[in-house]
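1. Next come a sequence and a model predicted from it.
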Amino acid sequence: MKRLILIPLLLGSFLLVPCVAHGSAEGCCIHRGDVDYSGGPNSIDISDIVFLVNYIFMGGPEPPCLEQADINDTGGPNYVDIADLAYLVDYMFSGGPEPVPCKIGPQIAIPFGESFYVPELDLIITFQAVISDSRCPVGALCFWEGYAEILMKLADSAGIHYVVLPIMGGISEAYGFQAMPIEAYSYRLTLYQLIPMPELATGPIPDEDYTAIISVDFPSAPVGTHGEVIPTSSTWISYQTPDFTFDSAWVSADTLNIEVSYSGGCRYHYFSVYMHPAAFAESFPPRARMYILQHNDYDPCDAWITETRKISLGPVIDLYIQHYGQTEEFIIDIYDQSVMYTP
């Protein structure tokens, strides 16, 4: 009972003191109500109320993520206020509604070897390994930006999965031009930054010094059965050597069908399809260049499998409308094959 009495007394003591919140870290919201940004599956506790009271009424430090402290998701220039504190108290001690969920797709900072729990997805993400880092060092003159790849472990109700996330180096990473989503296991993951960048003076970066800035959300269509083409400006796509056989492609309605063959049989394989560059070649009809990436979850089996994957052309059609103002036919080039999309 003492806990139930304490909080109303705190509220009553400072009821007339205003609070103004002027900013928010963009894309930081993971679990609204976790005011002190402690993270973890049980991140909302009494310390969040104390933090909020201290901030609103006593000039205490600003919450690390103001969006997470905006418990009722009102938004606006002064959005963290007494109403948020009352909402959180009601939730914790009176069975009130849960804090409004964050919008899925935040950017998350995960140091090497550490894990992060995303409650909206009931997903634990672990920065498992740095596979390679050939990014152009800071201050060096390079003819190619290079790229890096990291391995992320996903743990959800379906089990353990592994996903490789790539990123280009140099100016692409520094200015956010490189944001190439990877669709896998019902998620879409994007590596925005891999910190730090290589430097000539320091040599190779120890794995334990890396931090990955990523986002994770649900794609608009279920992965593995009906993913979608992802327009991207990343040249990383075109450098890859396929470790599968691309057999054929055809279009039905707004769906691109690809028939692929690969060695496996023990683990799930997923395929990401990209349009690079994210612009149509000015021919008649216009042309879209597609690339396919396979991710095999380190499948040790040798069975030869042939299957058809269905990929939504929705994002490509939307891009066409942005360029030309209406939907018309265009050619899709996939490696050495070409197919026609007709609306």
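-> Perfect, thanks for sending it. Keep in mind that what you see is a predicted model, and the values were worked out from it rather than measured.
2. Which phi and psi values does the nearest residue to residue 208 once chain neighbours are set aside adopt?
-> Counting by CB to CB, 6 or more residues apart in numbering, residue 208 lies nearest to residue 112, which is 5.4 Å off, once chain neighbours are set aside. C-betas here are computed from N, CA, C, even on glycine. Taking degrees, to the nearest 10, you get phi -60, psi 130 for the backbone angles of residue 112.
3. ok, the closest residue to residue 48 other than its chain neighbours - contacts?
-> In space, and not counting its chain neighbours, residue 48 is closest to residue 35: 4.0 Å by CB to CB, 6+ apart. Applying CB atoms under 8 Å, 6 or more residues apart in numbering, we find residue 35 in contact with 48, 49, 51, 52, 55, 63, 68, 69, 88.
4. Am I right that residue 35 falls within a helix?
-> No - per DSSP: H, G, I helix; E, B strand; the rest coil, residue 35 lies outside any helix segment and is coil.
5. how close does it get to residue 148?
-> 34 Å (CB to CB, to the nearest Å).
6. Could you do residue 268 as well?
-> Applying CB to CB to residue 268 and residue 148 gives a distance of 25 Å.
7. When these two are compared, which one has more neighbours?
-> The neighbour count for residue 268 versus residue 148, taken as other CB atoms under 10 Å, is higher for residue 148 (24 against 16).
8. Following the chain onward from the helix or strand where that one lies, which element is next?
-> With secondary structure defined by DSSP states H and E, residue 148 is part of strand 147-156. Scanning forward in sequence from strand 147-156 by DSSP H and E, the next helix or strand is strand 159-168.
9. For that following strand, output the C-alpha coordinates as CSV.
-> C-alpha atoms of strand 159-168 as CSV (Å, rounded to 0.1, in the frame of the first residue of the first chain):
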residue,chain,number,x,y,z
GLY,A,159,13.3,-19.8,-32.8
ILE,A,160,16.8,-18.5,-33.5
HIS,A,161,17.7,-17.0,-36.9
TYR,A,162,20.7,-15.3,-38.4
VAL,A,163,20.7,-12.3,-40.8
VAL,A,164,23.6,-10.7,-42.5
LEU,A,165,23.3,-6.9,-42.8
PRO,A,166,25.5,-4.9,-45.3
ILE,A,167,26.5,-1.2,-45.4
MET,A,168,28.5,0.8,-47.8
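10. Can we start the residue count at 3 from this point?
-> With 3 as the first residue, the last one maps to strand 161-170.
11. What are the boundaries of the helices in the stretch 3-152 of the chain?
-> Using DSSP state H, counting those that start in this stretch, the helices of the stretch 3-152 of the chain run over 4-15, 48-60, 68-71, 84-95.
12. Now do the longest one against helix 84-95: the angle between them, please.
-> It stands for helix 48-60. Orientation of helix 48-60 against helix 84-95 (axes from the mean of the first three to the mean of the last three CA atoms, to 10 degrees) gives an angle of 160 degrees.
13. In the strand holding residue 150, which residues are buried?
-> 149, 150, 151, 152, 154, 156, 158 (16 or more other CB atoms under 10 Å).
14. Of the residues you listed, which pair is most distant in space?
-> Greatest spatial distance in the buried residues of strand 149-158: 149 and 158, 27.5 Å, computed using CB to CB.
15. Secondary structure element holding the most centrally placed residue in the chain?
-> Taking CA atoms, centre = their mean, the centroid of the chain lies closest to residue 217, which sits 2.4 Å from it. Element membership for residue 217 (DSSP H and E) is strand 213-219.
16. Mind giving me the packing neighbours of that strand?
-> strand 109-113, strand 125-135, strand 149-158, strand 189-197 (3 or more CB pairs under 8 Å, 6 or more residues apart in numbering; DSSP states H and E).
17. can you list the weak-confidence ranges in the stretch 103-252 of the chain?
-> Per-residue confidence for the stretch 103-252 of the chain (pLDDT under 70) gives these ranges: 103-108, 171-181, 221-228.
18. how about 50 then?
-> Residues of the stretch 103-252 of the chain meeting the criterion pLDDT under 50: 174-179, 224-227.
19. doesn't residue 197 make contact with residue 213?
-> Yes - counting by CB atoms under 8 Å, residue 197 is a contact partner of residue 213 at 4.6 Å.
20. Report how many residues lie close to residue 332.
-> Other residues lying near residue 332 total 23 when counted by other CB under 10 Å.
21. wait, residue 65
-> Around residue 65 there are 23 residues (other CB under 10 Å).
22. cool, and residue 166?
-> 20.
23. how about residue 329, what does it touch?
-> 319, 322, 323, 345.
24. Now with 10 Å, please.
-> By CB atoms under 10 Å, 6 or more residues apart in numbering, residue 329 lies in contact with 256, 319, 320, 322, 323, 343, 344, 345.
25. thinking again about what came up before, could you tell me which residues touch both of residue 213 and residue 197?
-> With CB under 10 Å, 6+ apart as the test, residue 213 and residue 197 both reach 111, 113.
26. related to what we said a few turns ago, can I get the buried residues of strand 149-158 in a markdown table with distance to residue 288?
-> Below are the buried residues of strand 149-158 laid out as a markdown table (distance: CB to CB, whole Å):
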| residue | distance to residue 288 |
| --- | --- |
| 149 | 28 |
| 150 | 33 |
| 151 | 32 |
| 152 | 35 |
| 154 | 36 |
| 156 | 37 |
| 158 | 40 |
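27. ok, residue 234 touching residue 169?
-> No - in this structure residue 234 lies outside contact range of residue 169 using CB atoms under 10 Å: 11.9 Å.
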